[in-house]
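Trainee: Okay, predicted coordinates and the sequence, questions at the end:
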Amino acid sequence: MSPIAGSLTRRSLCEALGTFILIFCGTGAIVVNDLSQGAITHVGIALTFGLVVLALIHALGPISGCHLNPSVSMGLWLAGKFPTKELGSYIASQCAGALLASLLMRAMFPEHPTLGATLPASGAMQSFILEIVLTWILMLVILCVSSGPQPDAAFAAISIGAVIGLEAMFAGPISGASMNPARSLAPALISMHTEHLWVYLLAPMIGSALAVGTFSMIRNPTAQAQ
């Protein structure tokens, strides 16, 4: 999950491209499911998010690290695994790719009211807490599988894709299982459903920061010795 090759411009382009594909496929599954009276199903939507991330990590991971998510970039930065000078470029690229995907979805499906935006099923606070925990789990897995002297890229891709699919499977009906500010920002802005956007911008950042703290505790030899 750390950048491996290429200039910052090239890696930022990969982040924009990868996030575009993620949002196009993921929210596209939601839109098509709505318009086809449930042909995709909730399970199909969850699998779409998990599988596209798995494929993108294999395809783009060797170039940019394949973050696709501002909260992941921030978490890696907090963990000392990503340089400060590149953080802004990655986050801007991720948001740009997501916005382009939602704009294309609007052009293709102008009749759809939300374009797959994440919205709480009931109370905003319930979804806020859920998104914190979901992102905490995701970021913790990312840190664990991407650490060590020689991380296994294939194992990391499967693990991260599986966690995203799993979390979308059980939490999607409640909070939308975003775990990604760019994923929520783009359809919310383009569909003009920004009433609960704060939940999906703030909660993943908190969850990611908590995961860094947890990872530090479980991987710190001093902490283990005590």
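Mentor: Cool, the structure landed. Just so it is clear, the structure is predicted and the values come from calculations on it, not from any experiment.
Trainee: From Leu54, how far off is Val199?
Mentor: 26 Å (CB to CB, to the nearest Å). Yep, even glycine has a C-beta here, placed from its N, CA and C like the rest.
Trainee: And Ile23, by the same measure?
Mentor: 16 Å.
Trainee: Between the two, point out the one with more neighbours.
Mentor: Neighbours per residue (other CB atoms under 10 Å) separate Ile23 from Leu54, with Ile23 holding more: 31 against 20.
Trainee: ok, and that one, which helix or strand is that part of?
Mentor: Secondary structure from DSSP states H and E places Ile23 in helix 8-35.
Trainee: Mind giving me the packing neighbours of that helix?
Mentor: helix 41-64, helix 84-108, helix 181-191 (3 or more CB pairs under 8 Å, 6 or more residues apart in numbering; DSSP states H and E).
Trainee: How far does that helix sit from its chain's centre?
Mentor: Distance of helix 8-35 from the chain centroid (CA atoms, centre = their mean, to the nearest Å) equals 10 Å.
Trainee: Flag every buried residue along it.
Mentor: For helix 8-35, the neighbour count (16 or more other CB atoms under 10 Å) marks 11-34 as buried.
Trainee: Same check on stretch 198-211?
Mentor: So for stretch 198-211, counting by 16+ other CB under 10 Å, buried means Val199, Tyr200, Leu201, Ala203, Pro204, Met205, Ile206, Gly207, Ser208, Ala209, Leu210, Ala211.
Trainee: Need those residues in a markdown table (columns: distance to Leu115 and pLDDT).
Mentor: Output for the buried residues of stretch 198-211, formatted as a markdown table (distance: CB to CB, whole Å; pLDDT from 0 to 100):
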| residue | distance to Leu115 | pLDDT |
| --- | --- | --- |
| Val199 | 17 | 98 |
| Tyr200 | 14 | 98 |
| Leu201 | 17 | 98 |
| Ala203 | 20 | 98 |
| Pro204 | 19 | 98 |
| Met205 | 23 | 98 |
| Ile206 | 25 | 98 |
| Gly207 | 24 | 98 |
| Ser208 | 25 | 98 |
| Ala209 | 29 | 98 |
| Leu210 | 30 | 98 |
| Ala211 | 29 | 98 |
